[in-house]
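Q: only geometry, no sequence info:
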C-alpha cells in the first residue's frame, strides 16, 4: 500500500504521538509498503529518512516550543498531486488534519483518523477561557471523526470518551506500538553516570509539563524518604516548560539531592534509563495510551500509576503493576510495599515483559494495515 501520514508533530520532537508514528512507519516499511509523512518544519532540523515533507511552521507560544504548521504549500501540493496514494491517515483533528481530509477527497482515497490526545487536559496552553476551549475542541474532534472513513484510538477508555462526545462512527481500538528489545537491556552505565549506587530507583519518563502532575510525584517521593531507611532515588527523564518549577519544588521539599533531572534523552536511549530503575511511577491523568508505559513493560519494569484513562488500559492491577488513587500517602505506601517484596517484584517484572508482547510494533503495524485494507475496500464499494 501507499500510505500518507499527516501529523502536527514529528521528529525531532519527543512525545507519544511521534513515537507511535515512527514505529508504525518502521513497521509499514519493513512489511514492504510505501510511507510518506507530512508534518511541520522544526527549526533547521534536516530529516535523514526519505519520504518526509515539511510545512513551514510557527511556534505555538514563546514559552512552548511546539511548531504549528502553516497548512499551505504549493510545493507540497505538487508533490502530493504526483503521488499515487491508497489511504491517508491523520493523527490530529486540527491544522494538518482538516488539510489531510481535503487532500483525501481530492485524491479520491479514504481517510483514517487516530484520536491520541485528551485535548481538554491541554487547554491551559490556549489564552482563552478554559470552558470555551474545551467546548470548541470537543466540537472539532466530533466533527472531524464524522468526516473521515475510519476512526481508531489506542485505548478503550479513549473510545468511550469519543462516544461521550457524540461520535457515532465505528471506532477501532488499536494500541500504540512499542519496540521490544531482542536482548536484555543493561542499565548499568546509566546507574554509573548518575552515581545511583545501590539505591532503589523510581523513574518517570515524559514531557515535563503541568498536565503531567509531577508535583504530586515529588510530594509522594518526599514522604517515601521519610518513611524508609533504604536509599532511594527518583529519576525524572525529559524536558518541558515545568522543569524549572519542579527543580525548585524539589529543593523546597529538601529532596534535591535524591532527585535526578536528566533533561531530554535520545529516544533510542530511553530503554537504558528504564532498565536502570526498579519502578516506573506515573501521576499523570492526561494520557490516552502512554508510550513510556509500554516501553517500561518492554524492559520488564513494573508500573505504579494513578488510575486514569491510559493507565487503566495498560496496567493489569496486581500483575504488572498497581493502579492507585492520586494521593501521596497511597502512592508512597504502594511503592514502598512493592519495593520491599523481592518475590513479588520478580513476578511483576516477568508479567511486564509478557504483557508488552501485545504491543510489538510489527504486530500493531499489521493491525493497522488490515484496517487500511478494510477501509479501502469499503470506500471503493461505496463509490460504486
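A: Arrived safely, thanks for sending. These numbers were taken from a predicted model, which means no experiment stands behind them. Residues are numbered from 1 along each chain as shown.

Q: what sits against residue 355?
A: By CB atoms under 8 Å, 6 or more residues apart in numbering, residue 355 lies in contact with 297, 316, 319, 320. C-beta here means a position set from N, CA and C on the backbone, and glycine is covered the same way.

Q: surely the second one touches residue 351?
A: Yes - between residue 316 and residue 351 there is a contact under CB atoms under 8 Å: 7.3 Å.

Q: so which residues of the stretch 151-300 of the chain form strands?
A: 171-173, 200-205, 232-237, 259-263, 279-282 (DSSP state E, counting those that start in this stretch).

Q: reformat these as a markdown table; add mean pLDDT, mean neighbour count and distance to residue 271.
A: Formatted as a markdown table, the strands of the stretch 151-300 of the chain follow (pLDDT from 0 to 100; neighbours: other CB atoms under 10 Å; distance: least, CB to CB, whole Å):
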| stretch | mean pLDDT | mean neighbour count | distance to residue 271 |
| --- | --- | --- | --- |
| strand 171-173 | 96 | 17 | 25 |
| strand 200-205 | 97 | 23 | 10 |
| strand 232-237 | 97 | 23 | 11 |
| strand 259-263 | 97 | 17 | 14 |
| strand 279-282 | 96 | 24 | 12 |
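
Q: could I get those strands as TSV with distance to residue 60?
A: Shown next, in TSV, are these (distance: least, CB to CB, whole Å):
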stretch	distance to residue 60
strand 171-173	28
strand 200-205	22
strand 232-237	23
strand 259-263	21
strand 279-282	24
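
Q: to residue 91, which of those lies closest?
A: Nearest to residue 91, of all the strands of the stretch 151-300 of the chain, is strand 171-173, at 14.5 Å by CB to CB.

Q: parallel or antiparallel, which strands does that closest one pair with?
A: Here strand 171-173 has these sheet partners by DSSP bridges: strand 150-153 (parallel).

Q: now tell me what touches the strand it pairs with from outside.
A: So strand 150-153 is in contact with 110-116, 145, 159, 162, 167, 169-174, 288, 368, 371, 374-375, going by CB under 8 Å, 6+ apart.

Q: that strand - what's its average pLDDT?
A: Confidence for strand 150-153, expressed as mean pLDDT, is 96.

Q: related to what we said a few turns ago, okay, the contacts of residue 355 in JSON lines with pLDDT next?
A: Formatted as JSON lines, these follow (pLDDT from 0 to 100):
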{"residue": "297", "pLDDT": "94"}
{"residue": "316", "pLDDT": "92"}
{"residue": "319", "pLDDT": "94"}
{"residue": "320", "pLDDT": "94"}
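
Q: most neighbours of all these, which one?
A: residue 297 (28 neighbours; other CB atoms under 10 Å).

Q: in space, what's closest to residue 29 - neighbours in sequence excluded?
A: Computed as CB to CB, 6 or more residues apart in numbering, the closest residue to residue 29 that is not its neighbour in sequence is residue 35, at 5.8 Å.

Q: beta partners for that neighbour?
A: residue 3.

Q: who's in contact with it?
A: Counted by CB under 8 Å, 6+ apart, residue 35 has contacts 3, 4, 5, 25, 28, 29, 51.

Q: out of the residues you listed, flag the one nearest to residue 101.
A: Distances from residue 101 to the contacts of residue 35, taken by CB to CB, are shortest for residue 4, at 11.7 Å.

Q: isn't residue 209 up against residue 240?
A: Yes - Residue 209 lies in contact with residue 240 (CB under 8 Å); the separation is 4.6 Å.

Q: need the residues touching each of those two.
A: Joint contacts of residue 209 and residue 240 (CB under 8 Å, 6+ apart) do not exist.

Q: the stretch 201-350 of the chain: helices as residue ranges?
A: 214-227, 243-252, 270-275, 291-298, 311-314, 328-339, 342-356 (DSSP state H, counting those that start in this stretch).

Q: out of the strands of the stretch 151-300 of the chain, nearest to residue 220?
A: strand 279-282 (7.7 Å).

Q: off-centre distance for that closest one?
A: 15 Å (CA atoms, centre = their mean, to the nearest Å).

Q: name the residues that touch it?
A: Identification of contacts with strand 279-282 by CB under 8 Å, 6+ apart yields 200-206, 217, 220, 274, 290, 292-293, 296, 301-306, 311, 321, 331, 335, 338-339.

Q: strand partners of it, parallel vs antiparallel please.
A: strand 200-205 (parallel), strand 303-306 (parallel).

Q: gap between residue 341 and residue 347?
A: 9 Å (CB to CB, to the nearest Å).

Q: compare neighbour counts for these two and give me the winner.
A: More neighbours surround residue 347 than the other of residue 341 and residue 347, with 15 against 12 (other CB under 10 Å).

Q: so how far is residue 319 from the more buried one?
A: Taken as CB to CB, the span from residue 347 to residue 319 is 8 Å.

Q: and the closest residue to residue 165 other than its chain neighbours, how many neighbours does it have?
A: Of all residues not flanking residue 165 in the chain, residue 142 sits nearest, at 4.8 Å (CB to CB, 6+ apart). Neighbours of residue 142 under the rule other CB under 10 Å: 17.

Q: helices or strands up against the helix or strand hosting residue 142?
A: Using DSSP states H and E, residue 142 sits within helix 130-147. Counting contacts by 3 or more CB pairs under 8 Å, 6 or more residues apart in numbering; DSSP states H and E, helix 130-147 packs against helix 96-107, strand 111-114, helix 156-165.

Q: between those, which one is closest to residue 80.
A: helix 96-107 (5.9 Å).

Q: packed most tightly, which of the helices of the stretch 201-350 of the chain would that be?
A: Comparing the helices of the stretch 201-350 of the chain by mean neighbour count (mean count of other CB atoms under 10 Å), helix 291-298 comes out on top with a mean of 27.
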